[in-house]
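Q: Got a predicted model here, sequence first, then my questions.
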Amino acid sequence: MEPAKVQAIHDWPVPKSARAVRGFLSLAGYYRRFVLNYSAIAAPLTALLKKDGFSWSGEAAAAFEALKAAITTAPVLALPEQGVRGRM
């Protein structure tokens with residue numbers, strides 16, 4: 001990732017609506033296969049998208065920060081090794 005993109009994720013504002021949560025999850029979903037236990041981390045945010053209504057909680061805030069940290073840390077941002085390829 002480019003440093004500007006990493007900084008943009010760090011500076012992402014706290015969502016104030018279900019639409020804003022959906023936008024963040026859309027961005028984070030691109031990296032889901034690189035984040036260990038992505039679905040467990042994102043579950044509180046996904047629950048905010050239900051028709052019950054949007055209610056930001058401490059659990060949702062913790063999930064938001066954990067997902068931002070997981071996406072922007074070195075293991076996710078590292079490039080794969082040149083010689084590693086799937087072999088048939």
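A: Yes, it's here.
Q: roughly how far out does whichever strand or helix holds residue 64 sit from the chain middle?
A: In the assignment (DSSP states H and E), residue 64 maps to helix 58-72. Distance, stretch centre to chain centre, for helix 58-72: 7 Å (CA atoms, centre = their mean, to the nearest Å).
Q: Same question for stretch 6-20.
A: The answer for stretch 6-20 is 10 Å, by CA atoms, centre = their mean.
Q: circling back to that earlier point, what helices and strands are in contact with the helix holding residue 64?
A: helix 3-10, helix 18-29, helix 38-47 (3 or more CB pairs under 8 Å, 6 or more residues apart in numbering; DSSP states H and E). Backbone N, C-alpha and C define where each C-beta goes, glycine included.
Q: and of those helices, who's closest to residue 66?
A: Minimum separation from residue 66 across these (CB to CB) falls at helix 38-47, 5.3 Å.
Q: Okay, buried residues for that closest one please.
A: Buried residues in helix 38-47, defined by neighbour count with 16 or more other CB atoms under 10 Å: 38, 41-42, 44-45.
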